[in-house]
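Chemist: Return atomic coordinates for the entry below.
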Amino acid sequence: MTIVSAAASFLRSARAERDLSGHTLTAYAGDLAQFADWVDRSGVSKMEDIDRKLLRRYVSFLSERRLARRSIARKASAVRAFLRWAAVQRIVAADPSLGLKVPKLDRPLPRVLKASDAAALCELPPLDDPIGVRDRAVLELLYGSGLRVGELCGLDLEDVDFGSRTVRVLGKGRKQRQLPVSQPGSRILELYVSDARPQLLERSKQATENAVFINSRGGRLGARSVRSLLEKYLRGEGMKHASPHALRHSFATHMLDGGADLRAVQELLGHDSLATTQIYTHVSSERLRAVYEQSHPRA
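Modeler: Residues are numbered from 1 along each chain as shown. Prediction:
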């Protein structure tokens with residue numbers, strides 16, 4: 001089978017069977033097209049002719065183009081996924097990408113707000129306007145419960161349980177988890193659902209889906225709108241730029257700073273691997289170092 005036809009079959013399979021975002025599928029398609037073009041110019045067009053040596057040459061080619069390490073790692077990951085699939089489908093006898101080395105990534109520490117700044121941010125939206133009530137509920141869930149922005153935007157009314165003060169979210173890999181909501185978060189969320197949300201619906205004069213968080217037109221609030229509202233309040237207070245994910249980072253770091261168990265934080269965040277959660281212990285260590293250097297006379 002040719003590499004081009006196999007790559008097309010892989011993309012069709014990924015689109016149908018794997019829970020991948022449109023961005024991921026687009027990236028896979030571009031990266032595999034580049035790989036197929038490069039191997040074709042190297043005189044290889046059949047799947048069975050791909051070997052470890054050819055793959056090492058491809059990684060070297062990417063490095064010579066002075067691409068960022070993250071870009072090289074992403075392109076190599078696409079090729080690995082493709083060849084792993086090909087081995088499972090018996091298109092190739094064995095996966096030639098096993099053990100392929102790529103440049104290691106320097107993993108940056110996540111951006112984290114101070115606890116006082118995060119708390120102040122949550123209280124900035126005004127409560128005398130339905131948009132302000134909605135925005136405060138959004139910020140309380142992002143910081144108070146550690147939701148991803150996509151999980152927050154995907155909440156439906158039946159996912160909220162005010163009795164147990166929890167929300168049910170659909171995370172990566174379509175895995176559900178039940179998350180606790182803080183007392184202030186629960187109060188503002190109940191105020192939003194019972195009072196502010198109906199006002200927004202009345203303003204829009206449109207039927208809406210069952211979304212918890214809606215925009216001024218009555219439709220489901222989107223990730224871009226969440227980023228915009230966060231930036232608005234940060235800018236108004238002269239705070240540094242931060243993404244919605246920074247509130248999730250802050251949630252995890254402040255939980256660990258407060259003595260939470262690492263595995264409990266892993267479950268709250270919905271991480272498959274404990275190693276993913278452990279980066280927040282590094283953030284806490286950095287904070288301890290900063291406090292030490294500021295406070296100790298011999299630091």
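
Chemist: Count the residues that sit near the nearest residue to Arg57 once chain neighbours are set aside.
Modeler: Leaving aside its chain neighbours, Arg57 sits nearest to Ser42 (7.4 Å; criterion: C-beta to C-beta, 6 or more residues apart in numbering). Any C-beta I mention is one placed from the backbone N, CA and C, and that applies to glycine too. Neighbour count for Ser42, taken as other C-beta atoms under 10 Å: 13.

Chemist: now do the one 4 residues further on
Modeler: The local packing of Lys46 (other C-beta under 10 Å) involves 12 other residues.

Chemist: Could I get the full set of helices for the stretch 51-200 of the chain?
Modeler: 52-64, 69-88, 115-122, 130-144, 149-153, 183-191, 197-204 (DSSP state H, counting those that start in this stretch).

Chemist: Flag every buried residue along the fifth one.
Modeler: Going back to what we said before, that points to helix 149-153. 149-153 (16 or more other C-beta atoms under 10 Å).

Chemist: Closest to His271 out of those residues?
Modeler: His271 lies nearest to Glu151 out of the buried residues of helix 149-153, by C-beta to C-beta, at 13.2 Å.

Chemist: Surely that closest one touches Gly171?
Modeler: Yes. Between Glu151 and Gly171 there is a contact under C-beta atoms under 8 Å: 5.9 Å.

Chemist: what sits up against stretch 219-226?
Modeler: Here stretch 219-226 makes contact (C-beta atoms under 8 Å, 6 or more residues apart in numbering) with 134, 138, 142, 149-150, 152-153, 206, 208-209, 211, 213-215, 244.

Chemist: no, scratch that, I was asking about stretch 119-139
Modeler: 113, 140, 143-144, 152, 184-185, 188-189, 191-192, 195-197, 199-200, 203, 213-214, 216, 221, 226, 229-230, 233-234, 236-237, 239, 247.

Chemist: Could you rerun that using 6 Å?
Modeler: 140, 143, 188-189, 191-192, 196, 199-200, 229, 233 (C-beta atoms under 6 Å, 6 or more residues apart in numbering).

Chemist: Include pLDDT when you put those residues into JSON lines, please.
Modeler: Output for these, formatted as JSON lines (pLDDT from 0 to 100):
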{"residue": "Glu140", "pLDDT": "96"}
{"residue": "Tyr143", "pLDDT": "95"}
{"residue": "Ile188", "pLDDT": "97"}
{"residue": "Leu189", "pLDDT": "97"}
{"residue": "Leu191", "pLDDT": "97"}
{"residue": "Tyr192", "pLDDT": "97"}
{"residue": "Ala196", "pLDDT": "95"}
{"residue": "Gln199", "pLDDT": "92"}
{"residue": "Leu200", "pLDDT": "91"}
{"residue": "Leu229", "pLDDT": "94"}
{"residue": "Tyr233", "pLDDT": "92"}
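
Chemist: In those residues, find the pair that's most separated.
Modeler: Across the contacts of stretch 119-139 (C-beta to C-beta), the longest gap, 24.4 Å, separates Tyr143 and Gln199.

Chemist: Just want to know which of these two has more residues nearby.
Modeler: Set Tyr143 next to Gln199 and count neighbours by other C-beta under 10 Å: Tyr143 wins out with 25 against 15.

Chemist: So, low pLDDT: which residues of the stretch 51-200 of the chain?
Modeler: Within the stretch 51-200 of the chain, the segments meeting pLDDT under 70 span 103, 105-109.

Chemist: cutoff 90 now
Modeler: Applying pLDDT under 90 to the stretch 51-200 of the chain flags the ranges 63-74, 99-115, 170-175.

Chemist: Thr253 versus the spatially closest residue to Gln278 that is not a sequence neighbour, what's the distance?
Modeler: Spatially, and ignoring its direct neighbours in sequence, Gln278 is nearest to Leu262 (6.9 Å; C-beta to C-beta, 6+ apart). Distance of Leu262 to Thr253, given as C-beta to C-beta, to the nearest Å: 12 Å.

Chemist: again, but for Gln278
Modeler: Using C-beta to C-beta, Gln278 is found at 12 Å from Thr253.

Chemist: Settle it for me: which of those two has more neighbours?
Modeler: Thr253 (25 against 14).

Chemist: helices and strands around whichever helix or strand the more buried one is part of, which ones?
Modeler: Following DSSP states H and E, one finds Thr253 within helix 244-257. Contacts defined by 3 or more C-beta pairs under 6 Å, 6 or more residues apart in numbering; DSSP states H and E place helix 244-257 against helix 130-144, helix 262-269, helix 279-295.
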